[in-house]
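> This is a predicted model, with the sequence first.
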Amino acid sequence: MTPHMNTRRAAALAAVAAMVVVGMQTGAATAAPDNGNDGPSATHSAVPFSANKASQRNAAIKSAQSEVTSTADSLGLGGKEKLIVRDVIKDADGTVHTRYERTYDGLPVLGGDLVTHTAPGGKLKGVTKATKARISVPSTTPKIKTAAAARKVIWAGSGKPVLALETVKTGVQKDGTPSRVHTITDAITGKKLQSYEAVETGVGNSQYSGEVQLSTTAAGSGFELTDGDRGGHKTYDLNQGESGTGALVTDDDDTWGDGTGNDRQTAAVDAAYGAAQTWDFYKSAFGRDGIAGDGKAAYSRVHYGDAYVNAFWDDSCFCMTYGDGADNKSALTALDVAGHEMSHGLTASTANLDYFGESGGLNEATSDILGTSVEFAADNSTDVGDYLIGEKIDINGDGSPLRYMDKPSKDGGSADYWDSSVGDLDVHYSSGVANHFFYLLSEGSGAKTINGVDYDSPTSDGSTVTGIGRDKAVQIWYKALSEYMTSTTDYAGAREATEKAATDLYGADSAELTAVQAAWGGVNVK
């Protein structure tokens, strides 16, 4: 297969972290091994968003808020208008984008938000406004009877701004989904100006996870596969193309796919569901708001290429891409695959582990560890959590998974234990050491059955390892990744990083730290 992407450290290009591949893709990060020569090293680039650290962002917001009066004057706003800073983003070149909400005579202006764009030297480059209309109303006293719970606002969402009342009715939609219906009423005439459901959801029939709930967005007379609850994640259909984004996936009735590869929407359902579950897992497990921790969504592309047996993360577009499999009906969009791909982005945003040698194995293992954790956290009865990687997509054609975490060598190539030659293996094979470590730390050694799957995990020295549970194990791994690992961390460094993380989380005399040490010993990382 002709390589789709080549990445070279010398050229400082973003690496593609791919989940699975048939054939060779030089310089690509794939989950199936490349049996050719490794060639020059590849590395993930930094996240292509200028995300401020929380403390810097908070300081920038505070500073901008102290200047809102002069900002309002410079923008020519009326005397009754005030600005409230909502967000500040600073680009790499020093350009600052400050987002404001607006009030009029103390009332929120719905549809009055604006963004200023300021050059590094402080000169205003431009302003983006939600409305070009002048904010002004004859009176702020309603003429219609107001409900006790109604909020008095200025409605600037369409046409001339008017005094209005906003009410919110909460309840449950027909399918059990929570409902928050906002209604905007003209406070002078009583005319309904706008009504909308704040909780937008759809039903998706996935190929691997059964019927799932999707967060979608109403658009015109139909719906689009945009997840407004999770940073605006979008799912696109490439229509067998290999560049660009293709077309945003849309639907007329908010019921997506039919659960088979014969329906083009089905792959999009699985991709969107996987992205949502991964976002939710990061949020609940780590308090992390999206892949980069900045609240911004990546996006997904399905139907890549013709009979393309591949799924990949590309940091240059900050997106996941999925092929349709050899028959063009078996998209590689299973839940653990999606979690794996998104987690390459998380690694790029934290330790940025080099994608070669032992650090490359740790990079791949991180995606397996987090992808597996997403699958368990989703608690989907159709795709139950397990320590098997890619078991649903049948990449091998015989029903076997791509990788096994309890005994990695069962795939025919992965390393169960560390030795001095591990770094010479393809990163998908060297990842076995860390995958095995994580399984031992979570579940312990020996034979056991979990969610109907039989495991029998050995240790290099015949020792017995007692697991601490997956939830604690993944907390230790994430803290090590985000705070103590660097781009060049090897297996010895990973042991040190996880020991520090366990000490931070549970104490120097904790059973958790002892288990970390025992699990590393069990895979011969001393």
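Okay, I see it.
> How far away from the center of its chain is stretch 156-174?
Centroid separation for stretch 156-174 versus its chain: 31 Å, with CA atoms, centre = their mean, to the nearest Å.
> Could you export it as PDB, CA atoms only?
Extracted C-alpha coordinates of stretch 156-174, given in PDB (Å, rounded to 0.1, in the frame of the first residue of the first chain):
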ATOM      1  CA  ALA A 156     -31.200  40.600  20.000                       C
ATOM      2  CA  GLY A 157     -31.200  37.200  18.300                       C
ATOM      3  CA  SER A 158     -33.100  38.400  15.300                       C
ATOM      4  CA  GLY A 159     -34.000  41.800  13.900                       C
ATOM      5  CA  LYS A 160     -34.400  44.800  16.100                       C
ATOM      6  CA  PRO A 161     -33.600  44.200  19.800                       C
ATOM      7  CA  VAL A 162     -36.600  44.100  22.100                       C
ATOM      8  CA  LEU A 163     -37.400  43.700  25.700                       C
ATOM      9  CA  ALA A 164     -38.300  40.100  26.400                       C
ATOM     10  CA  LEU A 165     -39.000  37.400  29.000                       C
ATOM     11  CA  GLU A 166     -37.200  34.100  29.000                       C
ATOM     12  CA  THR A 167     -38.700  31.000  30.700                       C
ATOM     13  CA  VAL A 168     -37.200  27.600  31.000                       C
ATOM     14  CA  LYS A 169     -39.400  24.500  31.300                       C
ATOM     15  CA  THR A 170     -37.700  21.400  32.400                       C
ATOM     16  CA  GLY A 171     -38.900  17.800  32.000                       C
ATOM     17  CA  VAL A 172     -38.300  14.600  30.100                       C
ATOM     18  CA  GLN A 173     -38.500  14.000  26.400                       C
ATOM     19  CA  LYS A 174     -40.500  11.000  25.100                       C
END
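> Show me which residues of it are buried.
156, 157, 161, 162, 163, 164, 165, 166 (16 or more other CB atoms under 10 Å). Any C-beta I mention is one placed from the backbone N, CA and C, and that applies to glycine too.
> And stretch 404-421, by the same measure?
Buried residues in stretch 404-421, counted by 16+ other CB under 10 Å: 404-408, 410-411, 413-418.
> Out of those residues, which sit inside strands?
residue 404 (DSSP state E).
> Format the buried residues of stretch 404-421 as CSV; extra columns: distance to residue 348.
Output for these, formatted as CSV (distance: CB to CB, whole Å):
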residue, distance to residue 348
404, 26
405, 22
406, 28
407, 29
408, 24
410, 29
411, 25
413, 25
414, 23
415, 24
416, 28
417, 28
418, 24
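> Which of the buried residues of stretch 404-421 sits closest to residue 229?
Top of the list for closeness to residue 229, among the buried residues of stretch 404-421 and by CB to CB, is residue 405 at 30.8 Å.
> From residue 437, how far out is the closest one?
9 Å (CB to CB, to the nearest Å).
> From the centre of this protein, point out the most distant residue.
residue 143 (47.4 Å; CA atoms, centre = their mean).
> If I look at the residue nearest to that residue when sequence neighbours are not counted, what pLDDT would I see?
The shortest distance from residue 143 to any non-neighbouring residue, by CB to CB, 6 or more residues apart in numbering, is to residue 188 (4.9 Å). With respect to pLDDT, residue 188 has a value of 96.
> what does residue 16 give?
At residue 16, the pLDDT value in this model is 22.
> same question, residue 99
The model's pLDDT for residue 99 equals 81.
> Dump the helix or strand it falls within to PDB, keeping only the CA atoms.
Taking DSSP states H and E as the criterion, residue 99 maps to strand 96-104. What follows is strand 96-104, C-alpha atoms only, in PDB (Å, rounded to 0.1, in the frame of the first residue of the first chain):
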ATOM      1  CA  VAL A  96      -5.500  38.000  21.700                       C
ATOM      2  CA  HIS A  97      -9.100  37.100  21.100                       C
ATOM      3  CA  THR A  98     -11.400  38.200  24.000                       C
ATOM      4  CA  ARG A  99     -15.000  37.000  24.100                       C
ATOM      5  CA  TYR A 100     -17.600  39.100  25.800                       C
ATOM      6  CA  GLU A 101     -21.200  38.800  26.800                       C
ATOM      7  CA  ARG A 102     -23.200  42.100  26.800                       C
ATOM      8  CA  THR A 103     -25.700  43.600  29.100                       C
ATOM      9  CA  TYR A 104     -28.100  46.600  28.600                       C
END
